[in-house]
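Peer 1: Build me a model from this:
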Amino acid sequence: MAASLLLVLGLALAGWLSARSRAWALRADSGGRLASLPNYHGWYVGLWIFIPTVLFVFVWNAISPGLVLQSVLGSPAAEGLPAIESARLDALREARDVATGAASSTTNPDALPMIAPFSDALSQYRWIGIVLTLIIAGAAGAWSYLRVKPEFGARTRVERVIMAVLILASLVAVFSTFGILASLIFETFRFFEMVSPIDFLFGTFWSPDPMANPDNPDPTRYGAIPLFWGTLLIGAVIAMIVAIPIGMMSAIYLTQYAHPRFRAWAKPALEILAGVPTVVYGYFAALTVAPMIRDLAMSVGIANASSESALAAGMVMGVMIIPFVSSMADDSIAAVPQAMRDGSLAMGATTSETIKLVLVPAALPGIVGGVMLAISRAIGETMIVVMAASTAANLSANPLDSMTTVTVQIVAMLTGEGSFDHPATLSAFALGFVLFLVTLGLNFVALSVVKRYREAYE
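Peer 2: Okay, here's the model as predicted:
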């Protein structure tokens, strides 16, 4: 595959160079009058060679293994293969691995006679693919090369191809979203056929048993309220209480009060927090923050303080997402026109009043976007919760108790030896679907806020 792509790139480069040279020659012969620059003629021929040939390479690599297998099975050596299907497949797989170089040898006596037919078939179809690639590239290149003329509008055609590529790239994101949503909906409905949505959405006890009988699940064990509450308390309350004030104040200080030299190194240093792996934050939460909170709680008379608490996970998570709030708020405040600052100060407002009444309202769309991004990042975090808040699904208003979140339980349900037809495994998709809807609702709220204030300040 890699060698075929390199061959295609080489052919496309040769076509680009030859068409560009031809365009330069035509430009000299016609007195410098060309409908498009020579580079566009080169790109036109190069794209005509590259696109059809790459498509053929992908199609050929998809169908050639089947052709090779048919050729091998039609050889006389295939008559000695065992009659048992599993043994036959093992022999063919081992022979193919040796023929392709994926394995150095095999001890299977049934695979030894099949190595030579596999090598011959692979070599034959490899050369067929190379010849067909050269034919397609030559035909496409010759046809496009002959169209290189002074009056030919190569630029328009190249830009159309680029536009089509950009549209396809954007559609990939759209179709991926629809695919994810479709898979979630399908598996969620399968789960709701086994467990009532009422029991799932409003139940207060979560303890799925992957070893229980899947034909007769206990709906009382699938109450997700403790998971929703833990996600809300850790990711959307405690973490935001830490991240929003610190992030906003750091952004205001760096944009309005800090010396340029201090800002030059303080802002990158703050954004380094976003690049720290979450497992490092998890270690910090489990080994430093959680014991510190437990000891502090015990020192003030709280005897039942847990070493794994929602407060520890939420505080460290808030530190982790400070850069999301700070960076977005910093960029939004810095983007406010200087005329608005000068006008406010000229009217007699102080710097703090200008920040509070002019800059922050004008930058509110970006600030809200940063906060929503931070919330989405927080409610999707798993490692910090596992290491600092445990996996216990507790419904408690005490932040010193151990809790868990939706994402932690999704990981717990999808890992292990559980069957994908079991309600315990399917519950992970239902949790993911609810989390998707919550995130989508938060995005709609953010968009409405952004639209309202953007109309007021544009």
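Peer 1: hey, let's count contacts and neighbours off CA atoms from now on
Peer 2: Will do.
Peer 1: Show me the shaky parts of the protein.
Peer 2: Of all residues in the chain, those with pLDDT under 70 make up the ranges 1, 30-32, 303, 305, 416-418, 450, 453-458.
Peer 1: longest helix in it, by residue count?
Peer 2: Using DSSP state H to define each element, the chain has its longest helix at helix 154-194.
Peer 1: So which elements touch it?
Peer 2: When contacts are defined as 3 or more Cα pairs under 8 Å, 6 or more residues apart in numbering; DSSP states H and E, helix 154-194 packs onto helix 38-73, helix 423-457.
Peer 1: I'd like the distance from it to the chain centre, please.
Peer 2: Distance of helix 154-194 from its chain centroid, counting by Cα atoms, centre = their mean, to the nearest Å, is 13 Å.
Peer 1: tell me the angle it makes with helix 423-457.
Peer 2: 130 degrees (axes from the mean of the first three to the mean of the last three Cα atoms, to 10 degrees).
Peer 1: Give the other helices and strands that the helix or strand harbouring Arg88 contacts.
Peer 2: Using DSSP states H and E, Arg88 maps to helix 85-100. Helix 85-100 sits against helix 112-145, with contacts defined as 3+ Cα pairs under 8 Å, 6+ apart.
Peer 1: Okay, buried residues for the helix it packs on please.
Peer 2: Neighbour counts using 16 or more other Cα atoms under 10 Å place 112-119, 121-122, 125-126, 129, 132-134, 136-138, 140-141, 144-145 of helix 112-145 among the buried residues.
Peer 1: just to revisit the earlier point, quick check: next helix or strand after the longest helix of the chain?
Peer 2: Scanning forward in sequence from helix 154-194 by DSSP H and E, the next helix or strand is helix 197-202.
Peer 1: Mind listing residues that contact the next helix-or-strand element following that next one?
Peer 2: Using DSSP H and E, the helix or strand that follows helix 197-202 towards the C-terminus is helix 225-231. Under the criterion Cα atoms under 8 Å, 6 or more residues apart in numbering, residues 200-206, 310, 379, 393-395, 403-406, 409 lie in contact with helix 225-231.
Peer 1: of those, buried ones?
Peer 2: Buried by 16+ other Cα under 10 Å: 200-201, 203-206, 310, 379, 393-395, 403-406, 409, out of the contacts of helix 225-231.
Peer 1: from the residues you listed, which is closest to Leu171?
Peer 2: Within these, the smallest distance to Leu171 is 27.1 Å, found for Ile379 (Cα to Cα).
Peer 1: List phi and psi for that closest one.
Peer 2: The phi and psi values for Ile379, taken as degrees, to the nearest 10, are phi -70, psi -10.
Peer 1: residues contacting the closest residue to it other than its chain neighbours?
Peer 2: Nearest residue to Ile379, sequence neighbours excluded (Cα to Cα, 6 or more residues apart in numbering): Gly235, at 4.9 Å. Residues counted as contacts of Gly235 (Cα under 8 Å, 6+ apart) are 314, 317, 375, 378-379.
Peer 1: quick one: which two of those are the most distant?
Peer 2: Within these, two members stand farthest from each other by Cα to Cα: Gly314 and Ile375, at 11.7 Å.
Peer 1: what's near enough to touch Gly318?
Peer 2: Counted by Cα under 8 Å, 6+ apart, Gly318 has contacts 238-243, 378.
Peer 1: out of Gly314 and Ile375, which sits in the busier spot?
Peer 2: Per other Cα atoms under 10 Å, whichever of Gly314 and Ile375 has more neighbours is Gly314, with 30 against 25.
Peer 1: element containing that one, please.
Peer 2: Assessed by DSSP H and E, Gly314 sits inside helix 310-320.
Peer 1: Pull the distance from that helix to the chain's centre.
Peer 2: Centroid separation for helix 310-320 versus its chain: 24 Å, with Cα atoms, centre = their mean.
Peer 1: And the contacts of the helix holding Arg88?
Peer 2: For helix 85-100, the external contacting residues (Cα under 8 Å, 6+ apart) are 81-82, 103-106, 108, 110-112, 114-116, 118-119.
Peer 1: Which single one of these is nearest to Asp29?
Peer 2: Using Cα to Cα, the shortest approach to Asp29 within the contacts of helix 85-100 belongs to Ser119, at 53.5 Å.
Peer 1: how long is stretch 107-118 end to end?
Peer 2: One end of stretch 107-118 to the other measures 17 Å (Cα to Cα, to the nearest Å).
Peer 1: Sorry, slip of the keys, the one I care about is stretch 207-215.
Peer 2: Taking Cα to Cα, stretch 207-215 runs 17 Å from one end to the other.
Peer 1: Repeat that for stretch 188-205.
Peer 2: Stretch 188-205: ends 19 Å apart by Cα to Cα.
Peer 1: How about Gly141: what's its closest non-neighbour residue?
Peer 2: Leaving out its chain neighbours, the residue that sits closest to Gly141 by Cα to Cα, 6+ apart is Ile49, at 5.3 Å.
Peer 1: Would you check that that neighbour makes contact with Ala14?
Peer 2: No - using Cα atoms under 8 Å, Ile49 is not in contact with Ala14, being 9.6 Å away.
Peer 1: Tell me which of those two has more neighbours.
Peer 2: Neighbours were counted for Ile49 and for Ala14 using other Cα under 10 Å; Ile49 has more, 30 against 17.
Peer 1: I'm done for today, thanks for sticking with me.
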